[in-house]
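Colleague: got a structure for you, letters missing:
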């Protein structure tokens, strides 16, 4: 669909941030027209996809203000007039709700914007609304379908009817890939950015834990949670990251530690088409490639992509394996992750609710009976075993500390050892499975669209690195994207 001003049409669908900014400067488009276009897209597509739960009723007014600033170049921000959707665990002090997609928090009043939202607004971004997600970031029950929430229903994959949208930042990925918004923010404890981005053919950027602030966000684990962009292109993801990263006194410990990794001059400088040259990429096939049948398009395309990377100057170190990956690292019960997260979630959700001005519930102990008494929460069908297990914990004791130490040791003796012994700039693997490895160590990762199966189901390649390796990951991911240009929009819905 084309949206035209004057005599020159500008196609909004698939437009990047840079495209949109150029259209603004050339008077082909206004932020208000862009917002109106996305709202129209939401009206048409969202009843089928369930990617967006709420549209900001003030988004049009915000866009008008951005247009006024765009006409005065002295005041223009880095994301001036660009509409952004937020995962519904990210606080906004406006008419939007922040509920983790649960009815339990509907009507709660937050004390202020999350730090990442403050930074988006300062950069001129327009908060378009809240994206759907897996309820409580998939931490409610083992039986909860990926991408389902009581308030928004089941998120749907735009590429394949009844295809998996994954989670928990499902709505952020669905909305971007279906052109219902320009860019979005997701958040990840374990796989919640990487997985839905992979399944919905978009770029998901999981930063090093602490590179982006978690203040004003419903978190599961301050040890693992990170906020990052979900966008159609690597460049868009980097443009958003450049706005939201940095030290925050409201999340001081993690952001201070991560500030040691921040690249001088920001991250856009690493959008280098020749960034693959001389990069040592470690290919980890087992167990991740096993998720795809030997005759799948994904398997054959992966081999083709390896050849492309070599042609662009990358050094491929193939068939690497991470120690203990199958029986320990990727098994939350064995790695210690399940035990640690159960205790961390209770502490973090109770602290979050203490900071609310008003709320129907004030603790995890209140949420559980609320769910039991709400037919809309479908607890008889989906349960809430993870919430109940978390409520039974009593803070961080010896067992929890031992679990965290185990994860640190597994990360040091597994992923870090692999990276350092092989002198790698990044790892690469087919699909999103590496996200579990990156999660428990707080490492960054980027997934980039890599192709489509016969039925149209997308798949991606995940690049991972050590803490603070965002510059190398950007060069590798952008170089791969520019060499392949695989992404295509979903078929007509």
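Modeller: Now that the structure is in, tell me what you want to look at. Since the model is a prediction, treat every value here as computed from it, not as a measurement.

Colleague: and the helices in the stretch 301-450 of the chain, which stretches?
Modeller: 332-335, 337-354, 364-372, 379-382, 385-391, 398-411, 417-421, 435-441 (DSSP state H, counting those that start in this stretch).

Colleague: what is the last one packed up against?
Modeller: Spelled out, it's helix 435-441. helix 194-199, helix 398-411, strand 458-464 (3 or more Cβ pairs under 8 Å, 6 or more residues apart in numbering; DSSP states H and E). In this view, the C-beta of every residue, glycine as well, is placed from N, C-alpha and C.

Colleague: please identify the deepest-packed of these.
Modeller: Highest mean neighbour count among the helices and strands packed on helix 435-441 (mean count of other Cβ atoms under 10 Å): helix 194-199, with a mean of 32.

Colleague: list of residues touching the next helix or strand along the chain from that one?
Modeller: Note on helix 194-199: by DSSP states H and E, the next helix or strand toward the C-terminus is strand 203-206. Outside strand 203-206, the residues that touch it by Cβ atoms under 8 Å, 6 or more residues apart in numbering are 169, 173, 186, 188, 193-198, 226, 228-234, 236-238, 241, 435, 438, 444-449, 477, 481.

Colleague: what strands line up against strand 203-206, and which way round?
Modeller: strand 226-231 (antiparallel), strand 445-452 (antiparallel) (DSSP bridges).

Colleague: from the chain's centroid, how far away is the first one?
Modeller: By that I understand strand 226-231. 4 Å (Cα atoms, centre = their mean, to the nearest Å).

Colleague: quick one: low-confidence ranges for the chain?
Modeller: 1-8 (pLDDT under 70).

Colleague: out of the strands paired with strand 203-206, flag the one nearest residue 402.
Modeller: Each of these was scored for nearness to residue 402 using Cβ to Cβ, and the closest is strand 226-231 (23.8 Å).

Colleague: show me the contacts for residue 190.
Modeller: Counting by Cβ under 8 Å, 6+ apart, residue 190 touches 224, 332, 337, 435, 436, 439, 440.

Colleague: could you redo the last one with a cut-off of 7 Å?
Modeller: Contacts for residue 190 (Cβ atoms under 7 Å, 6 or more residues apart in numbering) come out as 224, 435, 436, 439.

Colleague: neighbour-wise, which of the residues you listed leads?
Modeller: residue 439 (30 neighbours; other Cβ atoms under 10 Å).

Colleague: how about that one, nearest residue that isn't a chain neighbour?
Modeller: residue 190 (3.8 Å; Cβ to Cβ, 6 or more residues apart in numbering).

Colleague: now the one you found: how far from residue 116?
Modeller: As judged by Cβ to Cβ, to the nearest Å, residue 190 and residue 116 stand 20 Å apart.

Colleague: same question, residue 158
Modeller: 26 Å.

Colleague: which stretches in the stretch 1-150 of the chain count as strands?
Modeller: 3-5, 8-10, 52-55, 83-87, 126-131, 148-149 (DSSP state E, counting those that start in this stretch).

Colleague: any idea of the angle the fourth one forms with strand 126-131?
Modeller: If I follow you right, that is strand 83-87. For strand 83-87 against strand 126-131, the angle by axes from the mean of the first three to the mean of the last three Cα atoms, to 10 degrees is 30 degrees.

Colleague: in strand 83-87, what's buried?
Modeller: Of all the residues in strand 83-87, those buried under the rule 16 or more other Cβ atoms under 10 Å are 83, 84, 85, 86, 87.

Colleague: give the bridge partners for the last one, please.
Modeller: Residue 87 forms beta bridges with residue 131, as assigned by DSSP bridges.

Colleague: my guess is it meets residue 170, correct?
Modeller: No - here residue 87 lies out of contact with residue 170, judged by Cβ atoms under 7 Å, at a distance of 9.3 Å.

Colleague: for those two, list the residues in contact with both.
Modeller: Residues within reach of residue 87 and of residue 170 at once, by Cβ under 7 Å, 6+ apart, are residue 133.

Colleague: list the contacts for residue 470?
Modeller: 207, 208, 263, 267, 444.

Colleague: any chance of the contacts of residue 190 in TSV, with distance to residue 426 too?
Modeller: TSV is the format used below for the contacts of residue 190 (distance: Cβ to Cβ, whole Å):
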residue	distance to residue 426
224	20
435	14
436	17
439	17
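
Colleague: may I have the phi/psi pair for residue 268?
Modeller: Main-chain torsions, residue 268, degrees, to the nearest 10: phi -60, psi -30.

Colleague: now do residue 465 against residue 477, distance only.
Modeller: 10 Å.

Colleague: these two: which has the busier surroundings?
Modeller: Comparing residue 465 with residue 477 by other Cβ under 10 Å, the one with more neighbours is residue 477, at 30 against 23.

Colleague: what's the nearest residue to residue 192 if we skip its chain neighbours?
Modeller: Leaving out its chain neighbours, the residue that sits closest to residue 192 by Cβ to Cβ, 6+ apart is residue 168, at 4.2 Å.

Colleague: what packs against the helix or strand where residue 242 lies?
Modeller: Element membership for residue 242, per DSSP H and E: helix 234-244. Under the contact criterion of 3 or more Cβ pairs under 7 Å, 6 or more residues apart in numbering; DSSP states H and E, helix 234-244 touches helix 17-25, helix 115-122, strand 203-206, strand 226-231, helix 470-484.

Colleague: in this structure residue 453 contacts residue 296, no?
Modeller: Yes - contact criterion Cβ under 7 Å: residue 453 and residue 296 qualify, at 6.3 Å.

Colleague: what about the closest residue to residue 328 other than its chain neighbours, how many neighbours?
Modeller: Spatial nearest neighbour of residue 328, chain neighbours left out: residue 334 (4.8 Å); criterion: Cβ to Cβ, 6+ apart. Using other Cβ under 10 Å, residue 334 has 15 other residues around it.

Colleague: and residue 334, how far is that from residue 60?
Modeller: 51 Å.

Colleague: and for residue 411?
Modeller: Distance, residue 411 to residue 60, by Cβ to Cβ: 46 Å.

Colleague: okay, now residue 142: neighbour count?
Modeller: What residue 142 shows, counting by other Cβ under 10 Å, is a neighbour count of 11.

Colleague: for it, give me its contacts.
Modeller: 385, 386.

Colleague: next one: the one 3 residues further on
Modeller: Taking Cβ under 7 Å, 6+ apart as the criterion, residue 145 is in contact with residue 154.

Colleague: that one and residue 285, how far apart?
Modeller: Distance of residue 145 to residue 285, given as Cβ to Cβ: 29 Å.

Colleague: how about residue 326?
Modeller: 13 Å.

Colleague: same deal with residue 165?
Modeller: Counting by Cβ to Cβ, the gap from residue 165 to residue 285 is 26 Å.

Colleague: what do you get for residue 25?
Modeller: Distance, residue 25 to residue 285, using Cβ to Cβ: 46 Å.

Colleague: looking at these two, which is more packed in?
Modeller: Between residue 25 and residue 285, residue 285 has the larger neighbour count (other Cβ under 10 Å), namely 16 against 12.

Colleague: quick check: phi and psi at the more buried one.
Modeller: Note on residue 285: its backbone torsions stand at phi -90, psi -40 [degrees, to the nearest 10].

Colleague: which residues touch it?
Modeller: For residue 285, the contact set (Cβ under 7 Å, 6+ apart) comprises residue 319.

Colleague: so how far is residue 206 from it?
Modeller: 21 Å.

Colleague: returning to what we had before: pretty sure the residue nearest to residue 439 is in a helix, no?
Modeller: No - under DSSP: H, G, I helix; E, B strand; the rest coil, residue 190 sits outside any helix and is assigned coil.
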